[in-house]
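[1] With the input below, show me the fold.
(2 chains, ligands or ions: 2)
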Amino acid sequence: MVDRIVIIGAGQAAAQAAHSLRAGDYQGRLVMLGNEGLAPYQRPPLSKAYLSGATGLDRITLKPQEFWDQEHVETYFDVPATELDRVTQVVKTSDGQAFHYDVAIIATGSSVRRLSCPGAELAGVHYLRNIGDADGLRENFLPGKKLVIIGGGYIGLEVAAIAIKAGLEVTILEAATRMLARVAPPVISTFFEDLHRQAGVTMLNNVRIAALVGDKQVRGVKLEDGQIIAAHLVLVAIGIVPNAQLAQAAGLSASDGIETDLDARTSDPHIYAIGDCASRPLVHYDHRRSRLESVHNALEQAKFAAASILGLPRPVEEVPWFWSDQYDIKLQIVGLSMGATQSVVRGDAASRQFAVFHLDGANRLLAVDAINMPPAFMVGKQIIARQGHLAPARLADMSISMKEIGAGA
Amino acid sequence: MAKVTYIEHSGKEHVLDLAPGTTIMEGAVKNRIPGIDADCGGACACATCHVFVDADWIEKTGKLGSMEESMLDFAEGITPLSRLSCQISMTPELDGIIVRLPAAQH
Ligand SMILES: Cc1cc2nc3c(=O)[nH]c(=O)nc-3n(C[C@H](O)[C@H](O)[C@H](O)COP(=O)(O)OP(=O)(O)OC[C@H]3O[C@@H](n4cnc5c(N)ncnc54)[C@H](O)[C@@H]3O)c2cc1C
Ligand code: FES
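    Residues are numbered from 1 along each chain as shown, chains lettered A, B, ... in the order given. Ligands and ions are numbered 1, 2, ... in the order given. Next comes the predicted model:
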């Protein structure tokens, strides 16, 4: 019988796991270990409404402390786990405690990828993963300051949108040939590049960084061609790496993320891994193994783990989805476009309302990127879930509604 | 503070006093009221915070934004009383509002 559960980590996935376990009538001991000194909170606002000052910590906190107390979750938000001993089934912590488990859930999230060039340690070089990082950036968001963002992914672009509105001079440097190159098709990249340029952001693609320059405080970013781009502050947003060290040290399978099965169970049946730190097979994509970095993934895997631990039926798997807010634009993405051979645009980018549908050679829908177009996102999600096929010409035809298209797929 | 009554699908009632500016979604998820998932945390990106506003109150909640309207259109079992509860912020005028929760959000 499972009577002692220890959750390592205290973020989005951990919070959902604890909540789902109690909601599923788990009565035993439930421990949550964190290392940020804070109850689990949402990260998406850190590059959006929290960064702009429109919302505060209390509102982005997932549940107040009373919630955890009432649910009898023993929370240790400043007691990181340091070792996972699978033989004795014990989680050891930095303050010397040992928590016995029947089941352990690893929900340690991910860490930012660090810049390794000369000057990377200068003051004024920021990253963005947690609340302290966001506060550090926000304090320096003063009109007229020059912000250079290294990395044109979602986080870089979202921060640019907030910073330009706060009156900073913003430059984004991207190594690839276009912004969002790793995560979006060219049409979407072009759309966001135009949007940011119109807002006054300078965007440079194909950039190679040689060093960050300055004495103690960063003063600029030096490119390989010798050019120096002046900066008062630099944000490095070049991706994340999964926090899999504890799992690896314990001998669990983990190459790029801790490997799990459909139930979020690792190679040790007493240990689950959920959220950013895990890699999982995806039922809608021929069980291809993927590491996903999204709220939806964290919530879903937490629910799978809780169901499996409690012997409940596994919730129906949803198609992975994600969103990004920049200015007044909402991008919603559903599915994974890897393997797509055709992309069909519905609507017109100039109207700021359009979507890109990604299909394979047999017209099976794999993914949708929707700009201010929820019907494309919502119907796309349903079609991908049932592995539906679509005629590209119908998709592009705006006189046929998304509901009709969905009904015919 | 403004009062909200949540009625679960089972008929069970919960009454909360919320600070102005707090959304009806936040009230539920932070106070152990089951029935609202709110996967996106209020970003109007998921439609898992669907509620039915009591007919006497629906007008006072104001007009739906275009994103909300279009997301809501795809939620399960919508009616003219449907709203996304993350898009309703409490104001003194909403003191006393009643919302009913659907059987499921997914
Ligand atoms: C700025 C930003 C914007 C984002 N925007 C979006 C968005 O718009 N949409 C979206 O879907 N996703 C977004 N994401 C991604 C999303 O927030 C993550 O995918 C999600 O938080 C993952 O949840 P998690 O629980 O796996 O990790 P986390 O939420 O990171 O939680 C892991 C926690 O475990 C702690 N921890 C690590 N090691 C230990 C240890 N040894 N002992 C104890 N605790 C430990 C960590 O410090 C952390 O608190 C964004 C992320 C960031 C940073
Ligand atoms: S919480 Fe996601 S739409 Fe309301």
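[2] use CA for all of it now, contacts and neighbours both
    OK.
[3] Enumerate the residues of the stretch 251-400 of chain A near ligand 1.
    Residues of the stretch 251-400 of chain A that fall close to ligand 1, judged by Cα under 6 Å from any ligand atom: A:275-277, A:293-296, A:298, A:322-324.
[4] typo on my end, it should be chain B
    Counting by Cα under 6 Å from any ligand atom, no position of chain B is adjacent to ligand 1.
[5] What ranges does chain B have for its strands?
    Secondary structure of chain B (DSSP state E): strands at B:2-7, B:13-18, B:50-53, B:82-84, B:97-100.
[6] swap in the stretch 101-250 of chain A?
    Along the stretch 101-250 of chain A, counting by DSSP state E, counting those that start in this stretch, strands occupy A:103-106, A:110-112, A:125-126, A:146-150, A:169-173, A:202-204, A:209-214, A:218-223, A:228-230, A:233-236, A:240-242.
[7] now those strands in a markdown table, with mean pLDDT?
    Output for the strands of the stretch 101-250 of chain A, formatted as a markdown table (pLDDT from 0 to 100):
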| stretch | mean pLDDT |
| --- | --- |
| strand A:103-106 | 98 |
| strand A:110-112 | 98 |
| strand A:125-126 | 98 |
| strand A:146-150 | 98 |
| strand A:169-173 | 98 |
| strand A:202-204 | 97 |
| strand A:209-214 | 98 |
| strand A:218-223 | 98 |
| strand A:228-230 | 98 |
| strand A:233-236 | 98 |
| strand A:240-242 | 97 |
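[8] returning to what we had before: looking at the residues of the stretch 251-400 of chain A next to ligand 1, spot the one nearest A:Ala17.
    A:Ala17 lies nearest to A:Ala298 out of those, by Cα to Cα, at 9.1 Å.
[9] which one is the closest one nearest to, not counting chain neighbours?
    Excluding its sequence neighbours, the residue lying closest to A:Ala298 (Cα to Cα, 6 or more residues apart in numbering or on different chains) is A:Gly275, at 3.9 Å.
[10] for that neighbour, phi and psi?
    phi 90, psi -150 (degrees, to the nearest 10).
[11] how near is it to A:Ala264?
    The gap separating A:Gly275 from A:Ala264 is 9 Å, by Cα to Cα, to the nearest Å.
[12] So for these two, which residue has more residues nearby?
    For A:Gly275 and A:Ala264, the more surrounded residue by other Cα atoms under 10 Å in any protein chain shown is A:Gly275, and the numbers stand at 32 against 27.
[13] quick one: contacts for that one?
    Contacts for A:Gly275 (Cα atoms under 8 Å, 6 or more residues apart in numbering or on different chains) come out as A:12-13, A:107-109, A:292-295, A:297-299, A:301-302.
[14] Which one of the residues you listed is nearest to A:Glu83?
    Distances from A:Glu83 to the contacts of A:Gly275, taken by Cα to Cα, are shortest for A:Thr108, at 12.7 Å.
[15] can you tell me which residues contact the closest residue to the closest one other than its chain neighbours?
    Spatial nearest neighbour of A:Thr108, chain neighbours left out: A:Gly9 (4.6 Å); criterion: Cα to Cα, 6+ apart. Each residue near A:Gly9 by Cα under 8 Å, 6+ apart is listed here: A:32-35, A:80, A:106-109.
[16] Tell me the pLDDT of the most centrally placed residue in chain B.
    For chain B, the residue nearest the mean C-alpha position is B:Ser85 (2.7 Å; Cα atoms, centre = their mean). For B:Ser85, the model assigns a pLDDT of 97.
[17] what's the answer for the one 3 residues further on, then?
    Confidence at B:Ile88, expressed as pLDDT, is 97.
[18] if we can go back for a sec, now render the contacts of A:Gly275 as JSON lines, adding neighbour count, secondary structure and pLDDT.
    Below are the contacts of A:Gly275 laid out as JSON lines (neighbours: other Cα atoms under 10 Å in any protein chain shown; DSSP: H, G, I helix; E, B strand; the rest coil; pLDDT from 0 to 100):
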{"residue": "A:Gln12", "neighbour count": "27", "secondary structure": "helix", "pLDDT": "98"}
{"residue": "A:Ala13", "neighbour count": "31", "secondary structure": "helix", "pLDDT": "98"}
{"residue": "A:Ala107", "neighbour count": "31", "secondary structure": "coil", "pLDDT": "98"}
{"residue": "A:Thr108", "neighbour count": "31", "secondary structure": "coil", "pLDDT": "98"}
{"residue": "A:Gly109", "neighbour count": "26", "secondary structure": "coil", "pLDDT": "98"}
{"residue": "A:Leu292", "neighbour count": "19", "secondary structure": "coil", "pLDDT": "97"}
{"residue": "A:Glu293", "neighbour count": "21", "secondary structure": "coil", "pLDDT": "97"}
{"residue": "A:Ser294", "neighbour count": "17", "secondary structure": "coil", "pLDDT": "98"}
{"residue": "A:Val295", "neighbour count": "22", "secondary structure": "helix", "pLDDT": "98"}
{"residue": "A:Asn297", "neighbour count": "24", "secondary structure": "helix", "pLDDT": "98"}
{"residue": "A:Ala298", "neighbour count": "25", "secondary structure": "helix", "pLDDT": "98"}
{"residue": "A:Leu299", "neighbour count": "20", "secondary structure": "helix", "pLDDT": "98"}
{"residue": "A:Gln301", "neighbour count": "30", "secondary structure": "helix", "pLDDT": "98"}
{"residue": "A:Ala302", "neighbour count": "30", "secondary structure": "helix", "pLDDT": "98"}
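[19] of all those, which comes closest to ligand 2?
    Each of the contacts of A:Gly275 was checked against ligand 2 using Cα to the nearest ligand atom; the closest is A:Val295, at 11.2 Å.
[20] Surely the closest one touches A:Ser324?
    No: using Cα atoms under 8 Å, A:Val295 is not in contact with A:Ser324, being 11.6 Å away.
[21] pLDDT weak spots in the stretch 301-409 of chain A?
    Within the stretch 301-409 of chain A, not a single segment meets pLDDT under 70.
[22] in stretch A:55-72, what counts as buried?
    Judged by neighbour count (16 or more other Cα atoms under 10 Å in any protein chain shown), stretch A:55-72 contains these buried residues: A:59-65, A:67-68, A:71-72.
[23] Between A:Gly275 and A:Ala264, which contacts overlap?
    Residues touching both A:Gly275 and A:Ala264 (Cα under 8 Å, 6+ apart) are A:301-302.
[24] hmm, back to that, so which of the strands of the stretch 101-250 of chain A gets nearest ligand 2?
    Smallest distance to ligand 2 across the strands of the stretch 101-250 of chain A (Cα to the nearest ligand atom): 23.4 Å, for strand A:110-112.
[25] Centre of the chain to that closest one, how far?
    Chain-centre distance of strand A:110-112: 10 Å, with Cα atoms, centre = their mean, to the nearest Å.
[26] That one pairs with which strands?
    Within its sheet, and counting by DSSP bridges, strand A:110-112 is paired with strand A:240-242 (antiparallel).
[27] Does the partner strand reach ligand 1?
    No: counting by Cα under 6 Å from any ligand atom, ligand 1 has no neighbours in strand A:240-242; the shortest distance is 8.8 Å.
[28] now what about that strand, what contacts it?
    Identification of contacts with strand A:240-242 by Cα under 8 Å, 6+ apart yields A:109-113, A:256-257, A:276-278.
[29] Those residues of the stretch 251-400 of chain A touching chain B, which are they?
    Contact residues (Cα under 8 Å from any Cα of the partner chain) of the stretch 251-400 of chain A with chain B: A:295-296, A:299, A:323, A:332, A:372-375, A:378-379.
[30] Give me the helices and strands touching the helix-or-strand element of chain B with minimal mean pLDDT, please.
    Among the helices and strands of chain B, helix B:66-72 carries the lowest confidence by mean pLDDT, DSSP states H and E, at a mean of 93. Applying 3 or more Cα pairs under 8 Å, 6 or more residues apart in numbering or on different chains; DSSP states H and E, one finds that helix B:66-72 contacts helix A:374-385, strand B:82-84.
[31] Now find how far off-centre the longest one is within its chain.
    Put plainly, it is helix A:374-385. Mean C-alpha position of helix A:374-385 versus that of the full chain (Cα atoms, centre = their mean) differs by 20 Å.
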